[in-house]
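S.K.: only the shape, not the letters, is given here:
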């Protein structure tokens with residue numbers, strides 16, 4: 001059994017989000033929350049909210065035990081890119097790419113078997 005939470009069209013580049021997601025993958029939800037709250041990256045703010053949503057989905061939709069939850073998967077996909085123009089010298093125009101992200105976070109309940117595997 002797994003519970004998911006999605007965050008779409010976030011105005012932050014996917015490569016910036018991926019750095020923070022790599023920190024919490026496979027961790028218990030309370031440890032992951034502590035990591036996110038103490039990480040000085042702009043993506044952390046969005047991911048704290050997303051993790052809270054995934055935990056709430058697990059608790060209310062699937063009746064999972066919140067104390068046994070862990071982040072089983074988390075990934076980011078690029079969303080649509082907003083194209084903007086920056087005026088430059090001698091009448092030239094440079095393109096600015098404002099990237100967006102779609103983030104997915106999945107939490108699962110730890111079983112006795114998975115606790116032995118993790119250690």
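M.R.: Looks like it came in fine. Not measured: the values here are computed from a predicted model.

S.K.: where's the residue positioned nearest the centre of the chain, which helix or strand?
M.R.: Centroid-nearest residue in the chain, with C-alpha atoms, centre = their mean: residue 47, separated by 4.6 Å. Secondary structure from DSSP states H and E places residue 47 in helix 42-62.

S.K.: ok, now how distant is the residue nearest to the centre of the chain from residue 102?
M.R.: Using C-beta to C-beta, to the nearest Å, we find residue 47 at a distance of 13 Å from residue 102. (Each C-beta comes from the backbone N, C-alpha and C, glycine too.)

S.K.: ok, then the element right after the helix holding residue 47?
M.R.: Using DSSP H and E, the first helix or strand after helix 42-62 is strand 69-78.

S.K.: any residues touching that next one, and which ones?
M.R.: Identification of contacts with strand 69-78 by C-beta atoms under 8 Å, 6 or more residues apart in numbering yields 2, 14, 17-18, 21, 24-29, 32, 51, 55, 58, 99-110.

S.K.: among these, name the buried ones.
M.R.: The neighbour-count test (16 or more other C-beta atoms under 10 Å) marks 14, 17, 21, 24, 27-29, 32, 51, 55, 58, 99-110 as buried among those.

S.K.: among those, name the ones in helices.
M.R.: In this view, these that belong to helices under DSSP state H are 14, 17, 21, 24, 29, 32, 51, 55, 58.

S.K.: of these, which is the nearest to residue 95?
M.R.: Minimum distance to residue 95 across these is 18.4 Å, recorded for residue 14 (C-beta to C-beta).
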